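Student: what follows is a protein structure lacking sequence information:
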């Protein structure tokens, strides 16, 4: 029996750990995944003021996360300092983020059906937690939209960047080699920053044939909108914003296109 993605080469641009998990699923569908992580996730260097905020994390009503990277970075930091969390409730954007929180033994009290920061803000707005305090734990590239909307919902919000997403310059030569010497059928993006980093790393290359041949697949409408803004044409965007759903959407695309 022919597997649905047999003969397809899929370029994965997420950071290494996330890409490796996607690669396992893609192989099960018959695809050949190629990992070229255009970004690295590193701990954020906290100032004394930021450490002081972290030391008081247990005093907040809510701890809010928008990514699994944020959860891991936060847990690593508090464990290193011996900070214990007993009082706050946890809120998350996305199933993966919620599961990461639960893996540390905490219960997620609030997470929206749609995996976007806007949906989480709306969930808080409807609950009207006037005066509630929230520690918003993000990465350095996260926009301020969620913080602004939570303020508008009547919450007192403190933002703390606990990790940084940076360009993986070391991958440039290996990425160039793949793009110039291999046929890529699908390229996947999981965030606007992945798109920006990919374009920065490939600046100056003639990628006309690559973009004509490669199917652009994005996790989520935010990434898809950013892809369009940068001149790309995303053709696969799953309704559920997870890596698993993205792969299923790619499979569905090829099933439909070959009918």
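Tutor: Sure thing, it's come through. What you see is a predicted model; the values in this text were computed from it and never measured. Numbering: from 1, shown residues only.

Student: domain ranges for the chain, per the record?
Tutor: Split into domains by automatic domain parsing, the chain comes to 9-38+168-257, 42-166.

Student: now the end-to-end length of the last one.
Tutor: When you say that, I think you mean domain 42-166. 8 Å (CA to CA, to the nearest Å).

Student: scan this structure for its longest strand.
Tutor: strand 156-167 (DSSP state E).

Student: so what does it touch, helix or strand wise?
Tutor: With contacts taken as 3 or more CB pairs under 8 Å, 6 or more residues apart in numbering; DSSP states H and E, strand 156-167 sits against strand 39-43, helix 48-55, helix 68-81, strand 133-139, helix 145-152, helix 192-201. C-beta here means a position set from N, CA and C on the backbone, and glycine is covered the same way.

Student: apply 6 Å and report the result again.
Tutor: strand 39-43, helix 68-81, strand 133-139, helix 145-152 (3 or more CB pairs under 6 Å, 6 or more residues apart in numbering; DSSP states H and E).

Student: out of the ones you listed, deepest packed?
Tutor: strand 133-139 (a mean of 23; mean count of other CB atoms under 10 Å).

Student: returning to that earlier point: for the longest strand of the chain, buried residues please.
Tutor: 157, 159, 160, 161, 162, 163, 164, 165, 167 (16 or more other CB atoms under 10 Å).

Student: who are the packing partners of the helix or strand where residue 250 lies?
Tutor: Under the criterion of DSSP states H and E, residue 250 resides in helix 243-257. Other helices and strands packing on helix 243-257, by 3+ CB pairs under 6 Å, 6+ apart, are strand 234-236.

Student: and the strand it packs on, how far from the chain's centre?
Tutor: From the chain centre to the centre of strand 234-236 is a distance of 17 Å (CA atoms, centre = their mean, to the nearest Å).

Student: how about stretch 235-248?
Tutor: 13 Å.

Student: all further residue positions should be reported with the first residue as 559.
Tutor: New numbering, starting at 559: the last item is stretch 793-806.

Student: end to end on it, go ahead and measure it.
Tutor: Taking CA to CA as the criterion, the two ends of stretch 793-806 lie 14 Å apart.
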